[in-house]
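Trainee: what's the 3D shape of this:
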Amino acid sequence: MSSPIAGITFGCGVDNGSLSYNSNGTVGLGRGSLSLVSQLGIGKFSYCLTDFFDTNISSPFLFGSLAQAQRHRRPAVQSTPLIQNLERPARYFVSLEGISLGDTLLLIPNGTFDLRADGLVACSSDSGTTFTILRRARFRGGRRARRRRARPAGHGG
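Mentor: From the prediction side, this is the model:
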């Protein structure tokens, strides 16, 4: 049984073929006025990303007062503050300090990932994106580290 919620706007689609994993839809959680959290006036949410391949652990989605980092239940939970970008107020940003491939920290100049005054960022993250794409000129050494990590055992590694 369902009942309407006054003042909430939902989009409708005819052909939603791009939805993955046979899902029934997508929920918008951005800071914009049409996102679900904005329309409901919830104020906050949390999404704990767990190991994708471990089917024994769930990735909880919590809203409102429940959206606190569950450190007391799971000591391994880590969180990071969100950064406000006045040029793109509807999006969420986090600070990125570096990238490692296995045990190899890539040599990336300090400040590469800092949010610039004009609102541009050097690296964008999307929890639904499958691939990582990095600008070649900024990430020298990444190819060598990737090759070392991917080299089969017993082949000069």
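Trainee: how about the strands in the chain?
Mentor: Here the chain has its strands, by DSSP state E, at 45-47, 61-63, 100-101, 104-105.
Trainee: can you lay out the ones you listed as CSV showing mean neighbour count and distance to residue 38?
Mentor: From N, CA and C alone the C-beta is placed, and that goes for glycine too. Putting these into CSV (neighbours: other C-beta atoms under 10 Å; distance: least, C-beta to C-beta, whole Å) gives the following:
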stretch, mean neighbour count, distance to residue 38
strand 45-47, 15, 11
strand 61-63, 15, 12
strand 100-101, 13, 35
strand 104-105, 14, 38
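Trainee: dump these into CSV; add distance to residue 118 and mean pLDDT as well.
Mentor: Supplementary listing: the strands of the chain in CSV, determined by distance: least, C-beta to C-beta, whole Å; pLDDT from 0 to 100:
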stretch, distance to residue 118, mean pLDDT
strand 45-47, 29, 82
strand 61-63, 33, 83
strand 100-101, 29, 80
strand 104-105, 28, 84
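Trainee: looking at these, which is closest to residue 91?
Mentor: Nearest of the strands of the chain to residue 91, taken as C-beta to C-beta: strand 45-47 at 14.7 Å.
Trainee: just checking: what are the partner strands of that closest one?
Mentor: Paired strands of strand 45-47, with direction, are strand 61-63 (antiparallel) (DSSP bridges).
Trainee: distance of the closest residue to residue 28 other than its chain neighbours from residue 4?
Mentor: Nearest residue to residue 28, sequence neighbours excluded (C-beta to C-beta, 6 or more residues apart in numbering): residue 35, at 4.3 Å. With distances taken as C-beta to C-beta, to the nearest Å, residue 35 is found 19 Å from residue 4.
Trainee: same question for residue 49.
Mentor: Residue 49 is 32 Å from residue 4, by C-beta to C-beta.
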